[in-house]
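S.K.: Kindly generate the corresponding structure for this input.
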Amino acid sequence: MHPVDPAAQKLTDALPTTRSGDAVSTERTIGRHRAPEPPPRRTRLGSTPVRVALATGVTCCLGLGAFAAARGAEDSPPPVRPMADALADRASIADERASRSLDRDAAPARVIPTPTASPSPTAARKAAPKKPVKPRRPRPVAGLDQTQMDNAKIIVDVGRELKMPRRALVVALATAMQESNLYNLASDVLPESTQYPHQGTGADHDSVGLFQQRPSSGWGTVAELMRPSYAARAFYTALAEIPGWEDMSVTAAAQAVQISAFPDAYAQHEERAATVAAALTV
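M.R.: Model prediction:
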């Protein structure tokens, strides 16, 4: 029949549309080689409402799973960390604290006083400042008392300081023994002389001191002559100016300095003077 025949067209329309497909499917199935089946249609999954519903369901499932995992983590005991990691963390925390403390003032440390034992009497004596040691006083010889021996030592010390020989020391000692008996005397004629340390008084004009030297004769002021060391220095200076005094007798050398009214009186003290000089120059 011709395809445009109305009767044929009706017959074609009356036939179910699925038969051709079924025939093809049957033909492919019973053939020698089985053709692959066509992929399933995704018409419903490809629509937007379906996709939204699936995404919402997946999100809810994931949220419930995360919530359950978090609750389980809270209820379950913490995992045991290795000892090395724990020590490393503690060390890092200590370093951070130390670095922070550099920016702040450190609190003053509490000082606990330590008990100290009381010093022993021996230690206390050693710790105490030493008092100045007084020069040892010479032991008196030749019948002199301590005051006379002290004055004799002053005369000898000054002579040695001036590099005077031993004979000059004997001459000076014998002169002082005759003039003042080795005492530092003031003068009743000079009331000023009593204002200075003295060991007695005399009345021979204005003569003062160990050598009874007179201020009016130019030996020095009253204050100077009342000092035994100054008086001895004045005597040695005058003795050194006498030519040939080393060859003179003790009496002649003393008289040449003193010009006394009794020139021979000094000789009686020569032996004692030599004894004292020897004792003070050992």
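S.K.: helices or strands next to the helix or strand encompassing K153 in the packing?
M.R.: Using DSSP states H and E, the element containing K153 is helix 146-161. In this structure, helix 146-161 packs against helix 166-180, helix 228-240, helix 270-280, with contacts taken as 3 or more C-beta pairs under 8 Å, 6 or more residues apart in numbering; DSSP states H and E. Where you see a C-beta, it was placed from the backbone N, CA and C, and this is true even at glycine.
S.K.: What's the mean pLDDT across the last one?
M.R.: In this case it means helix 270-280. The average pLDDT within helix 270-280 is 97.
S.K.: In PDB, list the C-alpha atoms belonging to that helix.
M.R.: These are the backbone C-alpha positions of helix 270-280, laid out as PDB (Å, rounded to 0.1, in the frame of the first residue of the first chain):
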ATOM      1  CA  GLU A 270     130.200  62.800 132.800                       C
ATOM      2  CA  GLU A 271     130.200  59.100 134.000                       C
ATOM      3  CA  ARG A 272     126.400  59.000 134.600                       C
ATOM      4  CA  ALA A 273     125.800  60.700 131.200                       C
ATOM      5  CA  ALA A 274     127.900  58.000 129.500                       C
ATOM      6  CA  THR A 275     125.900  55.300 131.200                       C
ATOM      7  CA  VAL A 276     122.600  56.800 130.200                       C
ATOM      8  CA  ALA A 277     123.800  57.300 126.600                       C
ATOM      9  CA  ALA A 278     124.900  53.700 126.300                       C
ATOM     10  CA  ALA A 279     121.600  52.400 127.600                       C
ATOM     11  CA  LEU A 280     119.600  54.500 125.200                       C
END
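S.K.: can you pull the buried residues of that helix?
M.R.: E270, R272, A273, A274, T275, V276, A277, A279, L280 (16 or more other C-beta atoms under 10 Å).
S.K.: can you check the second one too?
M.R.: Buried residues in helix 228-240, defined by neighbour count with 16+ other C-beta under 10 Å: P228, Y230, A231, A232, R233, A234, F235, Y236, A238, L239.
S.K.: just checking, what packs against that helix?
M.R.: Counting by 3+ C-beta pairs under 8 Å, 6+ apart, helix 228-240 packs on helix 146-161, helix 166-180, helix 222-225, helix 250-258.
S.K.: again, but for the shortest one
M.R.: Secondary structure elements in contact with helix 270-280, counted by 3+ C-beta pairs under 8 Å, 6+ apart, are helix 146-161, helix 166-180, helix 250-258.
S.K.: List of residues touching the second one?
M.R.: So the one you mean is helix 166-180. For helix 166-180, contacts defined as C-beta atoms under 8 Å, 6 or more residues apart in numbering pick out 151-152, 155-156, 159-160, 182, 202, 207, 209-212, 232, 235-236, 239-240, 245-246, 250, 253-254, 257-258, 260, 265-270, 272-274, 276-277, 281.
S.K.: quick check: mean pLDDT across the helix holding K153?
M.R.: Rounded mean pLDDT across helix 146-161 is 98.
S.K.: That helix vs helix 166-180, what angle?
M.R.: 140 degrees (axes from the mean of the first three to the mean of the last three C-alpha atoms, to 10 degrees).
S.K.: so what's T18 scoring on pLDDT?
M.R.: 43.
S.K.: Poorly predicted segments of this protein, please.
M.R.: 1-129 (pLDDT under 70).
S.K.: distance between the ends of stretch 190-198?
M.R.: One end of stretch 190-198 sits 13 Å from the other (C-alpha to C-alpha, to the nearest Å).
S.K.: which parts of it are buried?
M.R.: Neighbour counts over stretch 190-198 (16+ other C-beta under 10 Å) mark L190, S193, Y196, H198 as buried.
S.K.: who are the neighbours in contact with the third one?
M.R.: By that I understand Y196. For Y196, the contact set (C-beta under 8 Å, 6+ apart) comprises A186, V222, A223, M226, R227.
S.K.: Just the buried residues from those residues, in ChimeraX please.
M.R.: Applying 16+ other C-beta under 10 Å to the contacts of Y196, the buried members can be selected in ChimeraX as follows:
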select :186,222,226,227
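S.K.: Would you format the contacts of Y196 as JSON lines with distance to L144 included?
M.R.: Formatted as JSON lines, these follow (distance: C-beta to C-beta, whole Å):
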{"residue": "A186", "distance to L144": "21"}
{"residue": "V222", "distance to L144": "26"}
{"residue": "A223", "distance to L144": "27"}
{"residue": "M226", "distance to L144": "21"}
{"residue": "R227", "distance to L144": "20"}
